[in-house]
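**Student:** Predicted coordinates and the sequence they were generated for:
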Amino acid sequence: MTPDPLDSFLSQSSWMSSLTCEEAKRVRSSVTVRSFAAGSAVFARGMPPAHWAGVMEGMLKLDNITEEGRISTFAGVPSGAWFGEGSVLKDEPRPYAVTALTDSVVALLPRSEFLRLLHESHPFALWLIGQLNARLAHYVAQVQTDRLGDTTAQVAYSLSGLFNDALFPNTARRITLSQEELGRLSGVSRQVANRALQELQDRGAIRLGYGSIEVIDLKVLQSIAREG
DNA sequence: ACATTAACGATGA
DNA sequence: TCATCGTTAATGT
């Protein structure tokens, strides 16, 4: 008997451990799992937020496309992370598109079940506050880096954000992410992302592969992100 | 100065 | 064969 991938994913999700047995069972029976090919849309911009979602495998991004076709990426979502609570809480159309960057598997918890947990489970509500607070801290630091740091620091921060323990507890050391996508995530061109990544590699923070980045020394990466 | 877009060839999967 | 990478040139602020 191989363990169900959904069961093992849920047991690795930190908020699950704060639930009662019945709550956990209800979650388990209401979650659905869907696979997405690289490049396909997980949620379209403007759709009502029917689910809270967790990334079981792969990597997603949250982005917007302007009328002229320019892309700005707000966030990368590595496997292990749950996301989309903002839209679910507000019950407003999703303000950005969610796209699979690699072949991905996503767990979907219906909005009604998410709200029920929020209302019934104090531990879950506390966990959610911590999550929102960690995300806020991340973006505050991102703004500081973008204003005070050079482009290498910006790229280093965006990359290290994917390894933020509070937000993304289980990110593998090596992630499949092209330099083009990391550039979008960092707000710089691919060429500048390329130069920054080579500097990060020269300084021993990362190792570059074909279509992938391996973090060798997260401490060094984070300290470069604080330079400017 | 330094970033951006466009373009090119080289190379990995 | 196609995506990705490393690099250079022209251009903009």
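**Tutor:** Thanks, I have the structure now. Since the model is a prediction, treat every value here as computed from it, not as a measurement.

**Student:** Double-check A:Pro78 against A:Arg174; I have them as touching.
**Tutor:** No - between A:Pro78 and A:Arg174 there is no contact under CB atoms under 8 Å: 11.1 Å. Placement of C-beta: from N, CA and C, glycine included.

**Student:** So which of the two has more stuff around it?
**Tutor:** Between A:Pro78 and A:Arg174, A:Pro78 has the larger neighbour count (other CB atoms under 10 Å), namely 23 against 14.

**Student:** Can you name the residues that contact that one?
**Tutor:** Counting by CB atoms under 8 Å, 6 or more residues apart in numbering, A:Pro78 makes contact with A:Val55, A:Met59, A:Leu162, A:Phe168, A:Thr171, A:Ala172, A:Ile175.

**Student:** Can you report how many residues neighbour the residue lying closest to A:Met16 once chain neighbours are set aside?
**Tutor:** Nearest residue to A:Met16 in three dimensions, chain neighbours excluded: A:Leu10, at 5.2 Å (CB to CB, 6 or more residues apart in numbering). Residues near A:Leu10, counting by other CB under 10 Å, number 21.

**Student:** Which pLDDT value goes with A:Leu10?
**Tutor:** With respect to pLDDT, A:Leu10 scores 96.

**Student:** so is the residue positioned nearest the centre of chain A in a helix, a strand, or just coil?
**Tutor:** A centroid search over chain A (CA atoms, centre = their mean) returns A:Val77, at 2.0 Å, as the residue closest to the centre. Using DSSP: H, G, I helix; E, B strand; the rest coil, the secondary structure recorded for A:Val77 is strand.

**Student:** I'd say it and A:Leu60 touch.
**Tutor:** Yes - contact between A:Val77 and A:Leu60 holds when scored by CB under 8 Å: they sit 4.3 Å apart.

**Student:** shared neighbours of those two, which are they?
**Tutor:** Shared contacts of A:Val77 and A:Leu60 (CB under 8 Å, 6+ apart): A:Phe83, A:Val98.

**Student:** now the residue nearest to A:Met16, what's its secondary structure?
**Tutor:** Put simply, A:Leu10 is helix when judged by three-state DSSP.

**Student:** That one reaches A:Val27, doesn't it?
**Tutor:** Yes - shown here, A:Leu10 and A:Val27 form a contact pair, counting by CB under 8 Å, at 7.0 Å.

**Student:** Pull up the overlap in contacts between the two.
**Tutor:** By CB under 8 Å, 6+ apart, A:Leu10 and A:Val27 have these common neighbours: A:Met16.

**Student:** How about the backbone phi and psi for A:Leu19?
**Tutor:** Dihedral pair for A:Leu19: phi -90, psi 160, per degrees, to the nearest 10.
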